[in-house]
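Engineer: mind looking at a prediction? Sequence and model below.
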Amino acid sequence: MNIKGFSAAAMAAGIRYKDRLDLALIYSEVPAVATGVFTTNKIKAAPLLLDMERLGQGRAQAVLINSGNANACNGPQGMETAVAASAVAARELGIDEKLVQVASTGVIGQPMDLKPFEAAVPQLVRSLSPEGFDDVARAVMTTDTVPKTSARQVEIDGVEVSLLGIAKGSGMIMPDMATMLCFIMTDAQIVFQELQAVVRRCVDLTFNRITVDGDTSTNDMVLALANGAAGNTWIDEENPQGREALEAAVLDICRDLAIQIVADGEGATKLVTIRVIGARDDEGAMAAAQTIANSALVKTAFFGEDANWGRIMAALGRSGCLFDPEKVAIYFDDAQMVRDGAGLGAAAEEACTAVLRQDRFTVTVDLQDGLGTAEVHTCDLSLDYVRINADYRS
């Protein structure tokens, strides 16, 4: 899908592996309104620190992305390399260096060599094309098994507006934010304050509600660029209908990409939605859903297709959510396993086990104590997860 005024390219620069796409560039013909959401981890990689500083101007025109090296925990040298890499891109593009955002993903604590950037960026710029986004999606992959993209079109005040999202993520996935990079491009005209609010709300409802393994990385980010090439009526505080239409599309893209990330969880064989209802408030419901979704014992039971509801109860009990244990009901899809805090026996377990054999299913926990609800997407924890992460630096 083409987004007016945007082009992209990717190539194999040899940052870590040979003959593998690992360097990518996204470019807007004009400076775009830009905003971002970044990891809550206190340890942030050099690219994030640089991006956060530069986004204070609310504008960006290019994003330079590499995989294979996170450029995290590298001290002053890490920042020097991030700045220098952005300067190479700015020079080749003929734009202000401060309009270049940088993103990295890969091994933490490994010094970043600037030479591959100096050698590859000129060719990368020459290769820019409106058709280059599929290559970008492949270049940002690390342990991902599939590229992740999502596109939408929406009409705003009679004008067609396009949006495209690209993400990577497979392991080290946990709110708030996850080991993921996400880039959202749109040709919509929207003011900075509205774009920032839209992105933050959409991230909170999607990327902050997924987990693969409970780990939050040093490099997580969502960047959004809107270059205005569609020519729609400006989306600002006086155009709530336009904002709502754009936000619905951004939310769809973020939700789609978030679910793609969980479905591609390292070694995952099942995509599971943990849905908590009937809590006293939404905060309690979220605490319960996240604790269940992150429980290694619960996740291994999913992998073993074992309707071990006791593990769900145990996780629920330590979540900090207030509830009456004797009111709890648990369902696997529509099959009920627990009523009033007690199991329903062998026949119920057999029906629930049949559900667990599916690739995708929902676990619903009804606390029957209020109107609070929350939903978190997770996956099972398999033998392959251990193998992939044990060998990651090999």
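Structural biologist: Thanks, I have the structure now. Computed from a predicted model, the values in this text were never measured in an experiment. Residues are numbered from 1 along each chain as shown.
Engineer: please name every helix or strand in contact with the helix or strand Q241 falls within.
Structural biologist: Assessed by DSSP states H and E, Q241 sits inside helix 240-263. With contacts taken as 3 or more C-beta pairs under 8 Å, 6 or more residues apart in numbering; DSSP states H and E, helix 240-263 sits against strand 148-156, strand 159-168, strand 181-186, helix 192-205, strand 271-279, strand 372-379. Where C-beta positions appear, they are placed from N, C-alpha and C, glycine not excepted.
Engineer: partners of the fifth one in the sheet?
Structural biologist: So the one you mean is strand 271-279. Strand pairing for strand 271-279, using DSSP bridges, gives strand 360-366 (parallel), strand 372-379 (antiparallel).
Engineer: how about the first one?
Structural biologist: Within its sheet, and counting by DSSP bridges, strand 148-156 is paired with strand 159-168 (antiparallel).
Engineer: show me how far the partner strand is from its chain's centre.
Structural biologist: Put simply, strand 159-168 sits 15 Å off its chain's centre (C-alpha atoms, centre = their mean, to the nearest Å).
Engineer: what's the mean pLDDT across that strand?
Structural biologist: For strand 159-168, the mean pLDDT works out to 96.
Engineer: can you pull out the low-pLDDT segments for this protein?
Structural biologist: Scanning the chain for pLDDT under 70 picks out 170-179, 212-217, 265-267, 384-386, 388-394.
Engineer: switch the cut-off to 80
Structural biologist: When residues are selected by pLDDT under 80, those of the chain lie in 1, 143, 169-180, 211-219, 264-268, 382-394.
Engineer: residue ranges for the helices of it, please.
Structural biologist: 46-54, 75-93, 115-126, 133-139, 192-205, 240-263, 282-294, 296-303, 309-317, 346-356, 383-390 (DSSP state H).
Engineer: who does the nearest residue to E375 once chain neighbours are set aside bridge with?
Structural biologist: Spatial nearest neighbour of E375, chain neighbours left out: R275 (4.9 Å); criterion: C-beta to C-beta, 6 or more residues apart in numbering. For R275, the beta-bridge partners are T364, E375 (DSSP bridges).
Engineer: among the strands paired with strand 271-279, which is nearest V262?
Structural biologist: Closest approach to V262 among those is made by strand 372-379 (4.6 Å; C-beta to C-beta).
Engineer: mean neighbour count, the strands paired with strand 271-279: which tops it?
Structural biologist: strand 372-379 (a mean of 23; mean count of other C-beta atoms under 10 Å).
Engineer: now it and helix 240-263, what's the angle there?
Structural biologist: If you take axes from the mean of the first three to the mean of the last three C-alpha atoms, to 10 degrees, strand 372-379 sits at 40 degrees to helix 240-263.
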